[in-house]
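1. Structure here, sequence nowhere to be found:
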């Protein structure tokens with residue numbers, strides 16, 4: 001995610017660089033400018049919210065680093081500079097929309113973000129004719145360049161993730177699978193999971209069973225949710241498709257090893 005945000009700012013800086021370079025030939029003595037980026041992030045919680053996981057806490061440092069890298073090591077033509085202003089969304093769509101409008105009033109040059117939601121914000125950016133480059137949102141609707149002509153992303157939409165999963169299964173001719181996924185309300189896996197479940201049957205891949213766990217699992221610290229899910233499905237399943245954080249899979253792998261499912265003749 002940090003690398004994605006660095007890439008976002010670098011790409012936008014390259015566009016500014018090309019634009020200013022194009023105009024520099026006829027305006028060699030034009031005064032330098034500072035282009036302000038509007039950074040939409042969820043790094044804080046509202047007073048009555050004790051559960052929002054604040055992904056911006058682990059991402060925002062990359063914004064400062066990226067702007068410093070551009071200004072110090074990849075200078076724009078004519079001595080132009082970048083800076084950014086932070087707009088906190090608290091992970092709430094209505095606040096994110098409001099902050100999008102406020103940033104426009106403050107005369108920013110581009111949006112970086114938003115995080116959890118992006119459809120209405122991206123539509124506003126299109127109306128304002130301001131670039132919006134998201135490093136987090138995966139909503140597939142914003143891939144429509146007719147309605148969202150100024151929107152770009154560094155994280156693939158849900159539909160692309162489901163296509164990748166489908167391609168792997170078809171490549172190895174795995175036509176029957178059981179699907180496990182993280183269903184925590186604090187994560188963004190549920191929408192992706194729904195897309196996967198809809199997509200697989202269209203490619204003649206049967207989903208034998210679907211199970212989910214309700215909270216992000218930390219191996220050896222939480223009760224292992226995979227124990228019951230595996231017990232209910234392993235006799236009819238050869239291929240498991242699992243959607244969640246990479247570290248959660250330790251619980252599944254441990255239980256599968258204990259049951260001897262990696263042996264040629266499992267118990």
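-> Sure, I can see it. On a predicted model such as this, the values are computed, not experimentally measured, just so you know.
2. can you give me the strands in the chain?
-> For the chain, strands defined by DSSP state E occupy the ranges 34-41, 81-88, 110-112, 132-134, 151-153, 176-182, 206-213, 240-243.
3. Need these in a markdown table (columns: distance to residue 160, mean neighbour count and mean pLDDT).
-> Using the backbone N, CA and C atoms, a C-beta is placed for each residue, glycine as well. What follows is the strands of the chain, written out as a markdown table (distance: least, CB to CB, whole Å; neighbours: other CB atoms under 10 Å; pLDDT from 0 to 100):
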| stretch | distance to residue 160 | mean neighbour count | mean pLDDT |
| --- | --- | --- | --- |
| strand 34-41 | 22 | 22 | 95 |
| strand 81-88 | 27 | 17 | 95 |
| strand 110-112 | 21 | 26 | 95 |
| strand 132-134 | 14 | 25 | 94 |
| strand 151-153 | 10 | 20 | 93 |
| strand 176-182 | 17 | 21 | 97 |
| strand 206-213 | 19 | 16 | 97 |
| strand 240-243 | 14 | 19 | 96 |
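4. Which parts of this protein are helices?
-> Here the chain has its helices, by DSSP state H, at 2-24, 56-59, 61-73, 93-105, 119-128, 158-171, 189-202, 226-233, 249-258.
5. So for residue 168, which of the strands of the chain sits nearest?
-> Taking CB to CB, strand 240-243 is the member of the strands of the chain nearest to residue 168, at 9.1 Å.
6. elements contacting the closest one?
-> Under the contact criterion of 3 or more CB pairs under 8 Å, 6 or more residues apart in numbering; DSSP states H and E, strand 240-243 touches strand 176-182, helix 189-202, helix 249-258.
7. Please repeat the previous calculation with a cut-off of 6 Å.
-> strand 176-182 (3 or more CB pairs under 6 Å, 6 or more residues apart in numbering; DSSP states H and E).
8. between the strand it packs on and helix 189-202, how many degrees?
-> Angle of strand 176-182 versus helix 189-202, following axes from the mean of the first three to the mean of the last three CA atoms, to 10 degrees, is 170 degrees.
9. So what touches strand 176-182?
-> The contact list for strand 176-182, computed with CB atoms under 6 Å, 6 or more residues apart in numbering, reads 189, 193, 206-212, 229, 233, 237, 239-244.
10. got it, and stretch 109-123?
-> So stretch 109-123 is in contact with 8, 12, 35-42, 91, 93, 96-97, 100, 125, 131-134, 136-137, 139, 141-142, 148, 151, going by CB under 6 Å, 6+ apart.
11. Pull out the buried residues from it.
-> With burial defined by 16 or more other CB atoms under 10 Å, the residues of stretch 109-123 counted as buried are 109-119, 121-123.
12. same deal with stretch 225-243?
-> 225-226, 229-230, 233-234, 237, 240-243.
13. May I ask which two of these are separated the most?
-> 234 and 243 (18.3 Å).
14. Dump the helices of the chain to a markdown table, plus distance to residue 219 and mean pLDDT.
-> Formatted as a markdown table, those follow (distance: least, CB to CB, whole Å; pLDDT from 0 to 100):
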| stretch | distance to residue 219 | mean pLDDT |
| --- | --- | --- |
| helix 2-24 | 24 | 52 |
| helix 56-59 | 20 | 87 |
| helix 61-73 | 27 | 91 |
| helix 93-105 | 32 | 96 |
| helix 119-128 | 35 | 96 |
| helix 158-171 | 23 | 90 |
| helix 189-202 | 17 | 92 |
| helix 226-233 | 10 | 96 |
| helix 249-258 | 4 | 94 |
